[in-house]
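> 3D model of this:
(chains A and B)
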Amino acid sequence: MKKPFKLLIIDDAEEILTALTNFFSQKEYDVVSAANGLDGLKHIEAKDAAFDLIITDLVLPNISGVAIISIVKKKFPDTPVIAITGWGEHPESLAKEAHADYVLEKPFKLPELEQLVKKLLK
Amino acid sequence: MNNPSKSKSGPPIVGVSKNIERVRELIEHVASTGLNTVVFGESGVGKEVVAQNLYQKSPRLGKPFIKINCAALPEGLLESELFGYERGAFTGAEQRKKGKFQLAHSGVLLLDEIGDMSLPLQAKLLHVLQSGGEFSPLGSEKDVKADTWVIAATNHDLKKDIEEGRFREDLYYRLNIIKIYLSPLRERPEDIPPLIDFYIKEYASMLNNRHIEKPGAKVIDRLCTYSWPGNVRELQNVLKRMLVLGDCGQIVEELFNSERIVSPTSGADDKLNHHASLSKILDLGGKNSPENQSFSLKTAKKNAVEMVEREIISHVLGKTDWNRSKASKILKISYKTLLYKISDLNIIPPEK
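Here you go, the predicted structure:
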């Protein structure tokens, strides 16, 4: 059997984190989740992390999504990162500068996000 | 105030609370990134210590660590301090001067009290950060590029400042890539005993370990229940007083008395308390009375002067709505002296 793709999802909004985690778990992805930047970063830096793709909110407590993208792109330049942004927040340009592969604005549809994930994992 | 820090190894971050443990963990993880950082927390809570720790654990250690206080200088002066100027850029610019931004090249620039920076200067800072550290000194046609790690510190709620139009939202997001928040000391009393332990050791060695009275368990227990409006800086001052003057119990009493004075009470009560605290600080009836061996006029005088200064400066600051430059003019002391006295006498700005 093919090894499932491993995703890391970081979002401080509990309902969104749960929804995304459940959605991708059901679609047979191996999902790790984190509710803030520091916990996310710890997963990324863990020895056997090897994430295939990372989805992160941009505005997070302590370590922001922008920081996560910068750090990931420096250490693992080939790992795609999707940034999601909330309403009325304006750090999109920062996400692009940090070389996020895609910036997705809320609200979005889950199948839309899955299409994007599939495209980036090809 | 805005001199380059000389000490290469600053103090450690002392404490056992969840907040402090989290802060230490964050520093470990982000110090190597060089990403723009904002340290939030009340006055005296140790924001600069956090910045120094970030610097020490970063590959920039050994390079310059430069601090500038954005509240201490008028706008024009702050701009020329930050970005420098060419000879002849303005009247009196007799020599070319490098800005702190450039001096901090390959090292760290700590922008203290960033919340007090004027909007025009915020715009210029934003522009510099957007361009990856490029700027032109006043009167210069050539751009300078500096690889400077910007760490900002503030006791403001910047989100609120944004809503009220006093802080640029785009600059907020640009700076706030990493956010480190230090709780006020009253929210983490479990950190007080280890802090006392740490500073007592440090001060004792400064005093050449000569015989000193250390605060006992009872005193420490009481210190843990105090509200510490001036946070760790106030704790440091109290401990210094204890070690130098001895009589810890007395100093604790004064502390709780001053807390009562600061809290809003009726005018009559205030007056009573003032008189009570005057004789208490001078301790004319108690152990330090002139009949006692340990009494000295010098100590009594110093205590009295400090008390009067604190009262007057607080009063004038209250009248000027904490406009420090107005207050210094009324008091006829220099702005710098006023800032020093505010910190030395532990005068705390009212909650906004």
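> Do any residues in the host helix or strand of B:Tyr55 lie close to chain A?
Applying DSSP states H and E as the criterion places B:Tyr55 in helix B:47-56. No. Counting by CB under 8 Å from any CB of the partner chain, chain A has no neighbours in helix B:47-56; the shortest distance is 12.4 Å. Heads up, the C-betas are built off the backbone N, CA and C, glycines and all.
> need the residues of chain B near chain A, please.
B:22, B:25-26, B:29-30, B:33, B:35, B:169-170, B:173-174, B:176-181.
> what pLDDT does A:Ala19 get?
Reading off the confidence values, A:Ala19 has pLDDT 95.
> Could you pull up the residues touching it?
A:Leu110 (CB atoms under 8 Å, 6 or more residues apart in numbering or on different chains).
> For the host helix or strand of B:Asn257, list every residue counted as buried.
For B:Asn257, the enclosing helix or strand under DSSP H and E is helix B:248-262. Across helix B:248-262, burial judged by 16 or more other CB atoms under 10 Å in any protein chain shown covers B:Cys248, B:Gly249, B:Gln250, B:Ile251, B:Val252, B:Glu253, B:Glu254, B:Leu255, B:Asn257, B:Ser258, B:Ile261.
> What of stretch B:59-66?
B:Arg60, B:Lys63, B:Pro64, B:Phe65, B:Ile66.
> Then stretch B:46-60?
Buried residues in stretch B:46-60 (16+ other CB under 10 Å): B:46-56, B:58, B:60.
> Repeat that for stretch B:320-329.
B:Thr320, B:Arg324, B:Ala327, B:Ser328.
> Those into a markdown table, with extra columns for pLDDT and secondary structure?
Formatted as a markdown table, these follow (pLDDT from 0 to 100; DSSP: H, G, I helix; E, B strand; the rest coil):
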| residue | pLDDT | secondary structure |
| --- | --- | --- |
| B:Thr320 | 84 | coil |
| B:Arg324 | 88 | helix |
| B:Ala327 | 89 | helix |
| B:Ser328 | 87 | helix |
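> For chain A, state which of those is nearest.
Within the buried residues of stretch B:320-329, proximity to chain A (CB to the nearest CB) peaks at B:Arg324, which comes in at 31.9 Å.
> which ones are touching the closest one?
Residues in contact with B:Arg324 (CB under 8 Å, 6+ apart) are B:Ala71, B:Leu317, B:Tyr335, B:Leu338, B:Leu339, B:Ile342.
> Let me see the mean pLDDT of the helix or strand containing the last one.
For B:Ile342, the enclosing helix or strand under DSSP H and E is helix B:335-344. Within the predicted structure, the mean pLDDT of helix B:335-344 is 86.
> Return the set of buried residues in it.
Those would be B:Leu338, B:Leu339, B:Lys341, B:Ile342, for helix B:335-344 by 16+ other CB under 10 Å.
> From B:Ser43, how far out is the second one?
Going from B:Leu339 to B:Ser43 by CB to CB, to the nearest Å gives 12 Å.
> try the third one
Spatial separation of B:Lys341 from B:Ser43 under the definition CB to CB is 14 Å.
> Can you pull the phi/psi pair for residue 61?
This is for chain A. Backbone geometry at A:Pro61, expressed as degrees, to the nearest 10, gives phi -60, psi 150.
> right idea, wrong chain: chain B
Torsion angles, degrees, to the nearest 10, at B:Leu61: phi -60, psi 130.
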